[in-house]
Structures are given as C-alpha cells and as structure tokens.
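# Provided below are the primary sequence and the corresponding predicted coordinates.
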Amino acid sequence: MEYSKPWLTFERQADLLINERGLIADRDCLIAHLADIGYYRLSGYWYNFKRKPVSDEDGEKDERFVEGTTFEQVWKLYVFDRQFKLVVLDAIERIEVYFRTQLTYELAGATGPFGFLDSKNLPRLTKEDYEEFLERCESEFERSREPFAVHFREQYGDVHSLPPYWILVNIMDFGTMLRLYNGASPAIRNKLSGDLGVSSRVLKSWLVAINTVRNICAHHGRLWNRGIGTRPIIPAAEKDPEWHEPFKVRSDNMFGILTILSYLLDRIAPETSWRERLFSLLKNLNDDELRRMGFVEGWHECPIWKRHLANLDQEFVQISGVLQ
C-alpha cells in the first residue's frame with residue numbers, strides 16, 4: 001500500500017486533532033507541544049483515549065477521541081512517563097554497574113586480566129562470534145574518551161591493543177557485555193546467577209529484557225504501558241514459588257519488569273529508597289492506567305512486593321482501588 005498522508009504544519013496538526021478528532025485543548029498550547037515533542041511521539045499517549053477502532057466502508061479507522069478527552073489528560077501521561085523512565089533507569093544503572101563489576105571480577109580472577117584474548121576462556125562463543133566480539137571490543141575501545149581508556153592507550157598502547165577486563169567491561173556497550181556473559185564458562189555464569197538467586201538461563205533473559213528497556217528509555221520512547229518484545233523468563237514455580245503464589249507474575253507487562261528490578265535490587269542494594277520513589281509516581285495514575293501497566297487485583301500479595309509494603313507510607317501503598 002502506498003503511503004499517502006501529507007506533511008502538515010503544526011497548526012494544521014492541532015486543527016486536525018481539535019476540529020476533526022474531538023480533542024479538547026487550548027490551540028496555542030497544543031501547537032507549542034506539537035512543535036516541542038512531535039505528533040507521533042505524543043500519539044503513543046493519546047492512543048488509549050481513542051474510540052474503539054471501527055472501520056468505515058472505505059476501510060478508514062475511526063480516529064476520533066472519546067467524547068470529553070482533553071489534552072491535559074494526554075500531557076499528564078507524557079509527563080508521568082518521562083519521570084517514570086528516570087526512576088526505571090536509576091534501578092537499571094544500579095543493576096548494570098553491579099553486573100559489570102561482578103562479571104569483571106570473576107572473569108579476570110579465573111582467566112587473568114587479558115583472558116578474553118584466548119578464545120578458550122570464552123568457550124560458549126563460536127569462532128565467528130568470538131571474532132566479532134573482539135572486533136566490537138577494539139572498536140569500542142578506540143572510540144572511548146573515558147579518561148582511564150585514554151590513559152591506557154597513551155601509557156600501554158605500544159604493547160597492548162586492548163585493555164584488561166576491568167577497563168574493557170566498563171567501556172563496552174550493554175550488548176557487548178551480554179556477549180561476554182554468554183560466552184563465559186558455565187561455572188562463571190552459574191556463580192553470577194546463583195549470587196542473585198536465579199538460574200543462568202533466567203538471568204540471561206532478564207539482562208536482555210533490561211537492555212531493551214534501557215534502550216527504550218535512552219531513545220525517549222513510551223514505557224509506562226509498553227509490552228517488552230524480549231520477554232524475560234519467570235522462575236519456575238517449583239524452584240521459586242514467590243513468583244507464582246499467591247499472585248502469578250507475568251512477564252509481558254511493565255509490572256513484570258518492575259518486579260524483576262525490585263527482586264534484583266533486594267540483592268544488590270537492599271537499603272535503596274527506589275520503591276518509595278516509584279510509588280510516589282504511581283499514585284498519580286488512575287485505576288485504568290495502572291491496569292495497563294499490569295498492576296491488577298492481588299498484586300500486593302506477591303511476596304516480592306509484600307515484604308516491602310509494610311515499610312512504605314500508606315499513601316504510596318493505597319494508590320487506588322487496584323492497589324488496595
């Protein structure tokens with residue numbers, strides 16, 4: 001099908017939303033936000049306020065808003081999501097820094113500072129994967145302007161084309177770090193995952209999902225009610241029943257991601273105030289908005305959350321009917 005929608009000025013976009021689709025808004029204010037943020041970035045937040053997508057005889061969907069929908073409602077969600085992503089990124093940073101540190105510690109301790117230069121020390125990588133991994137390391141090291149990377153190049157570059165693990169792991173991107181973890185020996189993978197109370201298979205799926213969330217945040221995408229394509233694995237009930245009873249945690253919504261982050265922070269940063277900041281934001285959402293994130297009836301009985309709820313201000317716990 002050929003794309004035929006024309007380019008529209010910000011003023012015409014505002015008129016389309018107000019006059020043809022029924023959005024209640026101050027026109028000048030709407031134009032300003034369309035110019036600052038863009039129609040399609042905002043459209044992810046007003047989608048839920050559209051009428052049910054019924055097509056007419058020509059196959060055109062009904063793009064009108066539910067009667068009474070205001071731009072203030074849409075803007076509230078956008079602002080929430082912007083703040084929500086900052087809170088989520090804070091948890092991801094704690095987890096990522098911890099994991100980089102532990103991965104470096106175990107690999108260097110077992111195989112030496114430059115153990116990655118011998119493919120035998122990364123037995124789970126094929127020859128092609130290993131060569132690609134080294135190419136990525138070289139590229140990322142050459143591009144890095146981190147002071148410790150610059151110092152190593154200037155001081156030791158005549159002998160070493162790559163730095164030791166503890167420098168290398170801190171300049172590689174998340175995806176390269178995942179390759180390093182995937183290539184590590186079973187003993188190291190099991191040690192790292194065992195310290196966090198899960199299997200190496202589960203931890204790998206969590207790291208992949210966390211990287212996806214991290215990328216969404218980094219590219220300023222919508223997160224609050226988003227399903228993650230790379231679904232993490234929920235630990236099996238027979239091995240870890242707290243994920244299943246008396247509330248079953250699903251992995252296809254944001255509640256599942258938040259539960260994983262909370263679980264990991266329990267082990268990495270048990271004194272964190274992250275949950276207080278999270279709940280301080282969540283109290284601004286209504287029941288429907290919370291359900292779209294996966295906060296459904298019974299969630300507060302999940303042991304991963306319940307052990308913390310008693311220590312939180314009840315204003316944060318009793319956010320709405322869904323959360324009571």
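It's in. It should be emphasised that the depicted structure is a prediction, and the values quoted were computed from it without experimental measurement.

# contacts and neighbour counts: CA atoms only from here.
OK.

# E154: how many residues sit nearby?
Around E154 there are 10 other residues, counting by other C-alpha atoms under 10 Å.

# What of T69?
Residues lying near T69 (other C-alpha under 10 Å) number 17.

# That one against F49, yeah?
Yes. Using C-alpha atoms under 8 Å, T69 is in contact with F49, at 6.7 Å.

# so how many other residues sit close to F49?
Every residue meeting other C-alpha under 10 Å relative to F49 is counted, giving 18.

# Isn't it up against F65?
Yes. Using C-alpha under 8 Å, F49 is in contact with F65, at 5.7 Å.

# Outline the domain layout of the chain.
Domain assignment for the chain by automatic domain parsing gives 10-69, 79-317.

# Compare these and say which comes out lowest on pLDDT.
For the domains of the chain, mean pLDDT drops lowest on domain 10-69, to a mean of 88.

# what's the offset of that domain from the middle of its chain?
The chain centroid and the centroid of domain 10-69 are separated by 27 Å under C-alpha atoms, centre = their mean, to the nearest Å.

# can you pull the contacts of R64?
Residues near R64 by C-alpha atoms under 8 Å, 6 or more residues apart in numbering: 20-23, 50-51.

# I'd like to know which of these are buried.
21-23, 50 (16 or more other C-alpha atoms under 10 Å).

# so what's the nearest residue to I24 once chain neighbours are set aside up against?
Leaving aside its chain neighbours, I24 sits nearest to T70 (4.5 Å; criterion: C-alpha to C-alpha, 6 or more residues apart in numbering). Contact analysis of T70 by C-alpha under 8 Å, 6+ apart lists 23-25.

# Which one of those is nearest to T259?
Distance to T259 across the contacts of T70 (C-alpha to C-alpha) is lowest for L23, with 35.3 Å.

# ok, the nearest residue to R136 once chain neighbours are set aside to V202 distance?
Once flanking residues are discounted, R136 sits nearest to T176: 7.2 Å by C-alpha to C-alpha, 6+ apart. Here T176 is placed at a distance of 19 Å from V202 (C-alpha to C-alpha, to the nearest Å).

# what do you get for C302?
Taking C-alpha to C-alpha, one finds C302 at 19 Å from V202.

# Surely I228 is within a helix?
No. Judged by DSSP: H, G, I helix; E, B strand; the rest coil, I228 forms no part of a helix; its state is coil.

# That one and R250 touch, don't they?
No. Under the criterion of C-alpha under 8 Å, I228 makes no contact with R250, lying 11.6 Å away.

# which one's the longest helix in the protein?
Ranked by number of residues, the top helix in the chain under DSSP state H is helix 71-111.

# before we move on, back to that, what would the contacts of R64 look like in a markdown table with secondary structure?
Output for those, formatted as a markdown table (three-state DSSP):
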| residue | secondary structure |
| --- | --- |
| E20 | helix |
| R21 | coil |
| G22 | coil |
| L23 | coil |
| K50 | strand |
| R51 | coil |
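
# how many neighbours does M172 have?
The tally of other residues near M172 (other C-alpha under 10 Å) stands at 20.

# Can you give me the end-to-end span of stretch 12-26?
Counting by C-alpha to C-alpha, the terminal residues of stretch 12-26 are separated by 14 Å.

# Now that stretch: buried residues?
13-15, 17-18, 21-25.

# next one: stretch 252-264
Quick answer for stretch 252-264 (16+ other C-alpha under 10 Å): 252-264.

# Outside of that stretch itself, list whatever touches it.
Here stretch 252-264 has contacts from 88, 91-92, 95, 196, 206, 209-210, 223-228, 231, 249-251, 275, 293-295, 304-305, using C-alpha under 8 Å, 6+ apart.
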